[in-house]
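Visitor: let's see this in three dimensions:
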Amino acid sequence: MTKSAGIFVKINYKMDMESRNRIKEKKMNYKNNNSSKYLLCGGTYNKNGGTFIFQADSLEEAQLIVSDNPFVDTSSYSFEILSKNNIKLCC
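Guide: Coordinates of the predicted model:
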């Protein structure tokens, strides 16, 4: 699939105090590995949790975004991989 195919990753998460401490450490590494180039937009983002939408060039890249971000270890982490036609591709 090409970028024009429109593959999107929607990540939702909620945080508890333990998750906040882990995320602080991971955020610095995440910013340094150029992964923010995929961020398309964000919704709710506060101390309790948030929603982000990323754009990927391929399904493999979308799966990398899902598995390699600071929020993976939060107490309530969920994601969806969607095509531009809003068809759920995975999970």
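Visitor: okay, CA-based contacts and neighbour counts for the rest of this
Guide: Noted.
Visitor: nearest residue to residue 7 other than its sequence neighbours?
Guide: The shortest distance from residue 7 to any non-neighbouring residue, by Cα to Cα, 6 or more residues apart in numbering, is to residue 83 (4.6 Å).
Visitor: hang on, I meant residue 41
Guide: Nearest non-adjacent residue to residue 41 (Cα to Cα, 6+ apart): residue 53, at 5.3 Å.
Visitor: got it, and residue 84?
Guide: Distances taken as Cα to Cα, 6+ apart place residue 6 nearest to residue 84, at 4.6 Å, with adjacent residues excluded.
Visitor: any idea how far residue 50 is from that neighbour?
Guide: As for residue 6, its distance to residue 50 is 22 Å (criterion: Cα to Cα, to the nearest Å).
Visitor: ok, residue 82 next?
Guide: Distance, residue 82 to residue 50, by Cα to Cα: 18 Å.
Visitor: for the residue nearest to residue 84, list the residues it contacts.
Guide: Residues near residue 6 by Cα atoms under 8 Å, 6 or more residues apart in numbering: 55, 56, 57, 83, 84.
Visitor: can you say which of those are buried?
Guide: 55, 56, 57, 83 (16 or more other Cα atoms under 10 Å).
Visitor: surely the third one touches residue 7?
Guide: Looking back up the chat, that one is residue 57. Yes. Using Cα atoms under 8 Å, residue 57 is in contact with residue 7, at 6.7 Å.
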